[in-house]
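Undergrad: What follows is a predicted structure for the sequence shown.
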Protein chains: 4
Amino acid sequence: MPKVSRAHRESRRQQILEAAITCFAREGFHRTSIQDIIAESGLSAGAIYGYFAGKDAIVAAIAENRHAHEAAMLARAMARDDLTTALHDLAHGYVDWLRDPDERRRRRVNIQLWAEALRNPEVGAIVQRGLELREPITRAFRAARRRGRIPASLDPDALSRAMLALLHGFILQQAWEPGIDAEAFLTVVEHVIDGLGRGADVRGRSQARRRGKRS
Amino acid sequence: MPKVSRAHRESRRQQILEAAITCFAREGFHRTSIQDIIAESGLSAGAIYGYFAGKDAIVAAIAENRHAHEAAMLARAMARDDLTTALHDLAHGYVDWLRDPDERRRRRVNIQLWAEALRNPEVGAIVQRGLELREPITRAFRAARRRGRIPASLDPDALSRAMLALLHGFILQQAWEPGIDAEAFLTVVEHVIDGLGRGADVRGRSQARRRGKRS
Amino acid sequence: MPKVSRAHRESRRQQILEAAITCFAREGFHRTSIQDIIAESGLSAGAIYGYFAGKDAIVAAIAENRHAHEAAMLARAMARDDLTTALHDLAHGYVDWLRDPDERRRRRVNIQLWAEALRNPEVGAIVQRGLELREPITRAFRAARRRGRIPASLDPDALSRAMLALLHGFILQQAWEPGIDAEAFLTVVEHVIDGLGRGADVRGRSQARRRGKRS
Amino acid sequence: MPKVSRAHRESRRQQILEAAITCFAREGFHRTSIQDIIAESGLSAGAIYGYFAGKDAIVAAIAENRHAHEAAMLARAMARDDLTTALHDLAHGYVDWLRDPDERRRRRVNIQLWAEALRNPEVGAIVQRGLELREPITRAFRAARRRGRIPASLDPDALSRAMLALLHGFILQQAWEPGIDAEAFLTVVEHVIDGLGRGADVRGRSQARRRGKRS
DNA sequence: GATGAATGAGACTTCATTCAT
DNA sequence: AATGAATGAAGTCTCATTCAT
């Protein structure tokens, strides 16, 4: 039925999304008209609508791409056995990402998606799914706490939230001040990660050990 | 009804800004039409334009208010002598703020301002000035490091960035998931704050003192 | 009944009209808002409406002033006994008027009134009355023709039209090119006036010559 | 219905301009809203803006058309070898034009353009270029004066101005009083044209002298 | 499948006028 | 009488989307 191959369709789709990202990074979602995307992509109005139902669908598709990217980054990091190593990997992954000049453009779009998520239910759902990627981290913290490597006073969910908050917060700062020193920030994050276990002995290594023996 | 007092003018201004915040929180800047603000405020189109040059001016005025609010919150915290106490205060201040149901509405607008700052130079400048509020924290970290209370490996600027990132990141999360447990997050943040000095004594109080002498 | 003297009212009226002329000369009728006139006059909106029913009434009042001015200029010229002298006087009057720098501003408004007359019946009526001022000239031409000083082939009405056309046409040119040489134009107009009698011999040179000798 | 021919585009453009002229002749530029032109043209708002950037661009395009028309009329007349014949042709051309009932509508627009030229620089430039069309006439007068057929006291530039002024002035009168007798006016204009050479004997030329003796 | 001209609702903004003070 | 804030209809223009070719 399709006169063009699936590969061709997919490449056209990407062409449109790339053009849209360029426009969105430059002017924001709402200041970008479909005409702008048409001009940037080199396609025609009709062609765009052959691939996407409308502007919102393009925004959703970009959000989806971003989500897939984050999921992959996280999966890579979480493949590590050790929580601390995994968190370091994750932090490094983010900082490498922050350095990529092409990704910088995309991150401007990310921040807009964060705002868009507040109103657009479709984007909201995708951001929500992005937040669920925290789950493996939370589970790892929970395990670490059970093993007494994290103080019992710290909520595993709150811990993974804090990790994500640090990274999101820095993404904002870098978008606002592109020249900032990611390396120095990374050092602080690593210091924070390494310090999370501090005080874990207070409520008892022994207890944790006992728990550990049981399991 | 001409010849109104300055107080009256100011109250009208606030009336418009409040209406705008309500609309922006509900639908976002760009999905909110001036007509929506008119309807919400109970004023007429012409009246709005007597107070603001246009939608962008309203957005900028809101950004300005937000900035003033943050500056006040920071100034309150930074009045403390001790850095750790100040940071705890700051974190508590943010969390109290996060709890205020009326402020919740406003924070949704804040996040939109963060995105808007990327494209609207006027809003960008205001966000920029917000970032400069970090300066007293950075200075406090610098002083603490000099006194050996913070490891020399940690950059004061990066430290204050990390503090801000944690808070900004959490604001995002709370906007996306209004029901999350701010208390548990606060506990983690306090743990992180308390742990920042870790390692400073290992490598030595004495060492720090020596460094101090050298410089 | 009036709390202010009639003289005061009249001076206020003129103040408004002057401000309006300034605005109209600068931006045209339609690009000038009542607010502009308010600002230029230094009065308040309410005050303006105490003197004029609206913008159209201001325009009509200005047209009326212009008409009175032209009528006076014409009456002055037509006081002359001799047609040729009268026409010379009239032409000189116009050219003097063209030289007055303050009148230059007003003439820009005149041209707009010419256009406005096509659509605004009130202004149209005033312009119409301006055209009726041609009547004494037409009568003078008719008399001159009867006396054989103008060829019988020339219609007195058309002659007075031609005189007016020359002057109106030059007003246009001067408005478009403020630097043009009015003197040289006047010379041509005088030459044309003096030549109108050429060929009048058909219906009686002798009679004309006799009269000519007398003058 | 995409991919339309150039001819189709051009016809649409003319359709819009015709509708605009109808509206402008009826109500004037400023009392005509874009909606009026839309209704008159039978197109949609968006379509109009696909052809013209806005109302001013439509006005400018009309001015451009008018200019082309005048240029053509002048070129036709100036093709004549003899100045007097050329001027007669020109006058006849104008008067024929004045008679055309469809052109009558357009002339109302012309007068508005004259006023508009005072404030709208784009229209001003086009009117300016219209005035430059006088140049061939001026040159012809200069040549005639050199040959002694025009008195040396008359400035060629002022002479061509006077010709134009007569015609412009009459256009005004005809717009204000549509019923006036163009024929009678034409007779006067021809009389004036024929009389321009009168008095040329001052600077000599036997031919000129002979004419001079007769009068 | 692709094209891009056309649609028309709706966005922002202005401004003549009113009227409470 | 004077003021000038407020009104709200009306103006200009944009833009997501459709559909004849």
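TA: Yep, it's here.

Undergrad: For residue A:94, give me the pLDDT.
TA: Residue A:94 is assigned 87 on the pLDDT scale.

Undergrad: so who does it touch?
TA: A:73, A:167, A:170, A:171 (C-beta atoms under 8 Å, 6 or more residues apart in numbering or on different chains). No exception for glycine: its C-beta is placed from N, CA and C like everyone else's.

Undergrad: Look up phi and psi at it.
TA: The phi and psi values for residue A:94, taken as degrees, to the nearest 10, are phi -60, psi -40.

Undergrad: From residue A:68, how far out is it?
TA: According to C-beta to C-beta, to the nearest Å, residue A:94 stands 16 Å off from residue A:68.

Undergrad: Of the contacts of residue A:94, which pair is most distant in space?
TA: Among these, the pair separated by the greatest distance (C-beta to C-beta) is A:73 and A:170, at 14.5 Å.

Undergrad: out of the two, which sits in the busier spot?
TA: Remark: of residue A:73 and residue A:170, residue A:170 carries more neighbours, 28 against 17, as counted by other C-beta atoms under 10 Å in any protein chain shown.

Undergrad: any idea which element the closest residue to the more buried one other than its chain neighbours lies in?
TA: Among residues not flanking residue A:170 along the chain, residue B:165 sits closest, at 4.8 Å (C-beta to C-beta, 6 or more residues apart in numbering or on different chains). Secondary structure from DSSP states H and E places residue B:165 in helix B:156-176.

Undergrad: which strands and helices sit next to that helix?
TA: helix A:121-132, helix A:156-176, helix A:182-195, helix B:83-99, helix B:101-116, helix B:135-146, helix B:182-195 (3 or more C-beta pairs under 8 Å, 6 or more residues apart in numbering or on different chains; DSSP states H and E).

Undergrad: pLDDT averaged over the first one - what is it?
TA: Spelled out, that is helix A:121-132. For helix A:121-132, mean pLDDT is 94.

Undergrad: buried stuff in that helix?
TA: Residues A:123, A:124, A:126, A:127, A:130, A:131 are the ones in helix A:121-132 that count as buried (16 or more other C-beta atoms under 10 Å in any protein chain shown).

Undergrad: got those as CSV, with distance to chain C columns?
TA: Below are the buried residues of helix A:121-132 laid out as CSV (distance: C-beta to the nearest C-beta, whole Å):
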residue, distance to chain C
A:123, 43
A:124, 45
A:126, 49
A:127, 47
A:130, 52
A:131, 52
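
Undergrad: of all those residues, which comes closest to residue D:106?
TA: Closest approach between those and residue D:106, by C-beta to C-beta: residue A:123, at 55.1 Å.

Undergrad: State the number of residues packed around residue A:37.
TA: Other residues close to residue A:37 by other C-beta under 10 Å number 23.

Undergrad: what does residue A:101 give?
TA: By other C-beta under 10 Å, the residues close to residue A:101 number 7.

Undergrad: OK, contacts around it?
TA: Residue A:101 neighbours (C-beta under 8 Å, 6+ apart): none.

Undergrad: on that earlier part again, just the CA atoms of the helix holding residue B:165, as PDB, please.
TA: Output of helix B:156-176 as PDB, limited to C-alpha atoms (Å, rounded to 0.1, in the frame of the first residue of the first chain):
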ATOM      1  CA  PRO B 156      32.200  27.100  45.800                       C
ATOM      2  CA  ASP B 157      30.300  28.200  42.700                       C
ATOM      3  CA  ALA B 158      29.500  24.600  41.800                       C
ATOM      4  CA  LEU B 159      28.300  24.100  45.400                       C
ATOM      5  CA  SER B 160      25.900  26.900  45.300                       C
ATOM      6  CA  ARG B 161      24.700  25.700  41.900                       C
ATOM      7  CA  ALA B 162      24.100  22.300  43.300                       C
ATOM      8  CA  MET B 163      22.000  23.700  46.100                       C
ATOM      9  CA  LEU B 164      19.900  25.700  43.700                       C
ATOM     10  CA  ALA B 165      19.700  22.700  41.300                       C
ATOM     11  CA  LEU B 166      18.300  20.500  44.100                       C
ATOM     12  CA  LEU B 167      15.600  23.100  44.800                       C
ATOM     13  CA  HIS B 168      14.800  23.900  41.200                       C
ATOM     14  CA  GLY B 169      14.700  20.200  40.400                       C
ATOM     15  CA  PHE B 170      12.300  19.500  43.200                       C
ATOM     16  CA  ILE B 171      10.000  22.400  42.200                       C
ATOM     17  CA  LEU B 172       9.700  20.700  38.800                       C
ATOM     18  CA  GLN B 173       8.900  17.300  40.400                       C
ATOM     19  CA  GLN B 174       6.300  18.800  42.600                       C
ATOM     20  CA  ALA B 175       4.700  20.600  39.700                       C
ATOM     21  CA  TRP B 176       4.500  17.300  37.800                       C
END
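
Undergrad: mean confidence for it?
TA: If you average the pLDDT over helix B:156-176, you get 96.

Undergrad: Pull the residues that contact stretch A:50-65.
TA: A:9, A:12-13, A:16-17, A:20-21, A:24, A:29, A:34, A:37, A:109, A:113, A:116-117, A:120, A:122-123, A:126-127.

Undergrad: So which of the residues you listed reach DNA strand F?
TA: For DNA strand F, the contacts drawn from those by C-beta under 7 Å from any atom of the strand are residue A:34.

Undergrad: List the buried residues of the helix or strand where residue A:39 lies.
TA: In this assignment (DSSP H and E), residue A:39 forms part of helix A:34-41. Residues of helix A:34-41 classed as buried by neighbour count (16+ other C-beta under 10 Å): A:34, A:36, A:37, A:38, A:40, A:41.
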